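J.: structure, please.
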Amino acid sequence: MKLSLARDVTLTPIESGAVLLDGRRGRYWQLNASGSAILGKLLEGETPRTVAALMAEAAPVSEDQAHKDVMDLVGALSAASLLEVSQ
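T.: Sure, this is the predicted structure:
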């Protein structure tokens, strides 16, 4: 799975995480620190399983739950047309 920001979407780090701005629609989404870190790793090319393993090492969460959380974030951002997902 390869992820990239959709055209006209910008990612801006902020103190508490990050903001995604959809320039096409003039809407924005705020990510907390965890969501921002997950998205950053995925955009760098890490796989969802790898990101989940990193999350499980850093927080009291199982790898299975972390993987579900990663995929939920990908699904939500994709549904909002903020991410493009390719194989």
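
J.: secondary structure class for the spatially most central residue of the chain?
T.: Residue closest to the average C-alpha location in the chain (C-alpha atoms, centre = their mean): Leu39, at 2.7 Å. Of the three states, Leu39 takes helix according to DSSP: H, G, I helix; E, B strand; the rest coil.

J.: OK, contacts around it?
T.: By C-beta atoms under 8 Å, 6 or more residues apart in numbering, the contact list for Leu39 reads Leu11, Ala18, Leu31, Leu73, Leu77. All C-beta atoms are positioned from the backbone trio N, CA, C, and that covers glycine.

J.: and the fourth one, how far is that from Lys41?
T.: To tie it back to what came earlier, the one meant is Leu73. Noted for Leu73: a distance of 11 Å to Lys41, by C-beta to C-beta, to the nearest Å.

J.: what do you get for the first one?
T.: Plainly put, Leu11 is 13 Å away from Lys41 if you go by C-beta to C-beta.

J.: could you measure Tyr28 against Thr12, distance?
T.: 9 Å.

J.: typo on my end, it should be Met1
T.: 24 Å.

J.: for Leu42, same thing?
T.: 17 Å.

J.: neighbour count winner among these two?
T.: Leu42 (23 against 10; other C-beta atoms under 10 Å).

J.: which parts of this protein are helices?
T.: 33-43, 48-58, 63-79 (DSSP state H).

J.: show me which positions of the longest one end up buried.
T.: Think helix 63-79. Neighbour-count burial for helix 63-79 flags Ala66, His67, Asp69, Val70, Leu73, Val74, Leu77 (criterion: 16 or more other C-beta atoms under 10 Å).

J.: before we move on, what about stretch 14-29?
T.: Across stretch 14-29, burial judged by 16+ other C-beta under 10 Å covers Ala18, Leu20, Leu21, Asp22, Trp29.

J.: which of these sit farthest apart?
T.: Within those, Ala18 and Asp22 form the most distant pair, 13.6 Å apart (C-beta to C-beta).
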